[in-house]
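Visitor: Need a 3D model of the following:
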Amino acid sequence: MPQTDTRTPRPALAPSRLPAEAPELVRVTVVTAPEPPTHPAGFLRRNRTVVLFAVLLVLTDRAVGWFAATWDRHSPDEYTARVEGCARRPRDVVFVGGSPVAEGIDPAVIAGITVGGKPAESVYAVGLSGGTTSDFYHGVLRACPSPPRLLVYGITASDLNDSRHEPHGPYSLMTWGDLRRWVRLRPEAGGWVTRHFLKARLGQASDLYRYRHGMRMWAATEADRVMPGCCPEAKREADELRGRADALRDGDGYVPAAGYSVGRYDGIKAAGREPGPFSYLDKYHTGSHLKYLYKLREWCAERGTQLVLIDMPVTADLEAKYPAAWAEYRDRLAGLEHDCGLRVVRATREAVGLGDEHFADLIHLNRDGAAKLSGWVRGALERDAR
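Guide: Numbers count the residues shown, from 1 in each chain. This next block holds a predicted model:
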């Protein structure tokens, strides 16, 4: 039989109608949040690693400078140490010259001579190894703020050789004013002295660079204290330099080098060994360095200081090796004596009684030779005083 659908019929939906006027999309506006303004990074921000390193380096360099006395004691600048040692107090007699003075004149033997009617109690030897007459003039300016009664220049041929210069002089002895005077007085050497003077000022601007050797010697000393025997060669060098620094600071300038003190030239010759080269008299000619000897004479005259030149003795072999140089040098001495009225004392080997056994090498006296020469010089100066 047919089935009857009992479900309730769903009502019919009325058709949807759009509004009479539908909205139209005219424009779209997009709104975004503004970004923060950007600026280029500054120099410090861009290079902060380099800047921090530079600042740290400068601070370290300044900190090293605070201990300058320690580094100087372990590696002294001998030019500076000698002129400062002499300038520490007024001196009655000052000797100046190169290594022949440093190794050959013992002020303790000279002390007590009569100068200007009074005994000379304080005598100092400013021996600037390797120096020239130009250097010795500037050394006297630094070493004698109070002029001595007697200045003795132990001169030798190599001091006047215009073919050589000693960079240590501009480094340790000269000021900006000295540089200007040198360039005016010796224009032919103006470029050389300017270059080395500026190089010295640049090197002295950094304490790390300036005291590098002193710090190494101090480190060797401290390392040996903690671990004895760890660096014997550096320790020996440090001990010798420290001893020289103390002697130059507190003594009279006579601090002979260990090798020269005990060396014997006659032994070198007997063993058939060569004495070594001596280039200080190569290409010998004079005239320019001599200008500073004239200035030294003027300095002494202005201050009432008596100036005496002592022709320092050398071996016969050195004279034989450079006969022309010695002839020119002695002509210069004769001219200074005759034309300028300077007193020249000729300490020849024969007059002093020196032989090869009194020399350590071609030009430097050993301790026995220094004692012999110093005694002879004392007698010559005393005779002059009478």
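
Visitor: Which stretches in the protein count as strands?
Guide: 93-97, 114-115, 118-119, 123-127, 150-155, 306-311, 343-346 (DSSP state E).

Visitor: Count the neighbours of G203 for me.
Guide: Per other C-beta atoms under 10 Å, the neighbour tally for G203 reads 11. The C-beta positions use only the backbone N, C-alpha and C, and glycine is treated the same way.

Visitor: Got the phi and psi for T315?
Guide: Backbone geometry at T315, expressed as degrees, to the nearest 10, gives phi -70, psi 160.

Visitor: so where's the stretch 251-386 of the chain uncertain?
Guide: 385-386 (pLDDT under 70).

Visitor: For the residue lying closest to R210 once chain neighbours are set aside, give me the pLDDT.
Guide: With C-beta to C-beta, 6 or more residues apart in numbering as the criterion, R210 has its nearest non-adjacent residue at 5.4 Å, and that residue is Q204. The model reports Q204 with a pLDDT of 88.

Visitor: Number of residues surrounding Q204?
Guide: 12.

Visitor: And it, how far from H196?
Guide: Distance of Q204 to H196, computed by C-beta to C-beta, to the nearest Å: 12 Å.

Visitor: Quickly list what's touching both of those two.
Guide: Y171 (C-beta atoms under 8 Å, 6 or more residues apart in numbering).

Visitor: still on that earlier bit, please tell me how far the residue nearest to R210 sits from R89.
Guide: On the measure of C-beta to C-beta, Q204 and R89 end up 26 Å apart.

Visitor: try G177
Guide: Taking C-beta to C-beta, one finds G177 at 25 Å from R89.

Visitor: Same question for D224.
Guide: On the measure of C-beta to C-beta, D224 and R89 end up 35 Å apart.

Visitor: how about CSV for the strands of the chain, with mean neighbour count and distance to L59 added?
Guide: Putting these into CSV (neighbours: other C-beta atoms under 10 Å; distance: least, C-beta to C-beta, whole Å) gives the following:
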stretch, mean neighbour count, distance to L59
strand 93-97, 27, 41
strand 114-115, 15, 51
strand 118-119, 10, 53
strand 123-127, 28, 37
strand 150-155, 25, 45
strand 306-311, 20, 49
strand 343-346, 16, 55
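
Visitor: what's the closest of the ones you listed to C144?
Guide: Nearest of the strands of the chain to C144, taken as C-beta to C-beta: strand 93-97 at 6.0 Å.

Visitor: Can you list the helices and strands that that closest one packs against?
Guide: Counting contacts by 3 or more C-beta pairs under 8 Å, 6 or more residues apart in numbering; DSSP states H and E, strand 93-97 is packed against helix 107-110, strand 123-127, helix 133-143, strand 150-155.

Visitor: can you do 10 Å?
Guide: helix 78-87, helix 99-104, helix 107-110, strand 123-127, helix 133-143, strand 150-155, strand 306-311, helix 367-385 (3 or more C-beta pairs under 10 Å, 6 or more residues apart in numbering; DSSP states H and E).

Visitor: Compile those into a markdown table and extend it with columns for distance to T49.
Guide: Output for the helices and strands packed on strand 93-97, formatted as a markdown table (distance: least, C-beta to C-beta, whole Å):
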| stretch | distance to T49 |
| --- | --- |
| helix 78-87 | 38 |
| helix 99-104 | 50 |
| helix 107-110 | 56 |
| strand 123-127 | 49 |
| helix 133-143 | 44 |
| strand 150-155 | 57 |
| strand 306-311 | 60 |
| helix 367-385 | 58 |
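
Visitor: out of those, nearest to G214?
Guide: Using C-beta to C-beta, those put helix 78-87 closest to G214, at 12.1 Å.

Visitor: Show me what the closest one is packed against.
Guide: Using 3+ C-beta pairs under 10 Å, 6+ apart, helix 78-87 is in contact with helix 68-74, strand 93-97, strand 123-127, helix 133-143, helix 168-172, helix 232-250.

Visitor: Let's see that with 8 Å instead.
Guide: So helix 78-87, by 3+ C-beta pairs under 8 Å, 6+ apart, packs with strand 123-127, helix 133-143, helix 168-172, helix 232-250.

Visitor: contacts for the third one?
Guide: When you say that, I think you mean helix 168-172. 77, 79-80, 83, 128, 130-132, 134-135, 138-139, 179, 193, 196-197, 200, 203-204.
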